[in-house]
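A.B. asks: okay, predicted coordinates and the sequence, questions at the end:
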Amino acid sequence: MAGIYIKTPEQIEGIRKASKLAAEVLDYIEPFVKPGISTGELDKLCHEFITDHNAVPAPLNYAPHGSTPYPKATCISLNEVVCHGIPNFNKKLKKGDALNIDITVILDGYYGDTSRMFFAGEPSIMAKRLARITYQCMWLGIQEVKPGNHFGDIGYVIQHFAENAGYSVVREFCGHGVGIEFHEEPQVLHYGRRGTGEEIKPGMIFTIEPMINAGKRAITQLNDGWTIRTKDRSLSAQWEHTILVTDTGYEILTVSPNMPVPPKFITEGK
Ligand code: MF3
Ligand code: CO
Ligand code: CO
């Protein structure tokens, strides 16, 4: 791959539409997330919604560099699962479960990628705090998105905030350029140092998707070849948006009517 794409206005319009649809899938699935439903059923509902809107779920049969093809339309990661949880009709949600649903759609050839946390019934104080801090991490990272800043600025603010809250940042997975392909350059690290990495430029489109663990940052992969969980079995949370760099800052592309509101420090200024 030859560097970071600067998207054309036509590509941006296509990626904007795909990103909106991905966010609308999450709006659609939210009322179904309740104790008793299986992750397989949630996946099936998302899959149908996506195809009903003339799009294709990008994860299905996705097989980067020799991995076994991903078998489902979505990733649903419960509790101590960090990411890439495979939906399963035998895995029913229990009261208090915290889960991430990650949706990537291909619409007219363009990709949009977003994920949110959900709870089945009332979660523990711990799970709620982890999801809230992780959400704030994502938004602190988003606030760094403007021409002239560097990708390291995003990683720095996320790592700083997460570790100050007593949590740890998963290092093995990161945000990524997105839109023309599923995973493009650059890798958007959720840790790092200010001023490092490539310069952020108008027309870039990438995700910010911090995975934050309540315990240590170490992870292990399950035998299914995909599911990643915390090694110490502590809770993990993640949120993801697809973001366009504008001339003055950013535009969130994965927007929808019921998307969670940004934290107060965004809407009221810091
Ligand atoms: N949507 C994930 C991301 O945010 C990637 C999932 S790859 C899959 O990058 F194959 F597991 F679906
Ligand atoms: Co994703
Ligand atoms: Co992503």
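C.D. replies: That came in fine, so what should we check first? Ligands and ions are numbered 1, 2, ... in the order given.
A.B. asks: for Y28, grab the count of nearby residues.
C.D. replies: By other C-beta atoms under 10 Å, the residues close to Y28 number 19. (Glycine included, C-beta is placed from N, CA and C.)
A.B. asks: now do the contacts for it.
C.D. replies: L45, C46, F49 (C-beta atoms under 8 Å, 6 or more residues apart in numbering).
A.B. asks: what's near enough to touch the second one?
C.D. replies: When you say that, I think you mean C46. With C-beta under 8 Å, 6+ apart, C46 has these contacts: V25, Y28, I29, P57, A73, T74, I101, I103.
A.B. asks: and with 6 Å instead?
C.D. replies: V25, I29, A73, T74 (C-beta atoms under 6 Å, 6 or more residues apart in numbering).
A.B. asks: related to what we said a few turns ago, out of the contacts of Y28, which are inside helices?
C.D. replies: When the contacts of Y28 are checked against helices (DSSP state H), the matches are L45, C46, F49.
A.B. asks: now those residues as CSV including distance to ligand 2?
C.D. replies: Below are those laid out as CSV (distance: C-beta to the ion, whole Å):
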residue, distance to ligand 2
L45, 18
C46, 13
F49, 16
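A.B. asks: picking up where we left off before, considering the contacts of C46, which possesses the most neighbours?
C.D. replies: Most neighbours among the contacts of C46, by other C-beta under 10 Å: T74, with 29 neighbours.
A.B. asks: quickly note the distance from that residue to L60.
C.D. replies: 9 Å (C-beta to C-beta, to the nearest Å).
A.B. asks: just E24 next, same as before
C.D. replies: From E24 to L60 the distance is 18 Å (C-beta to C-beta).
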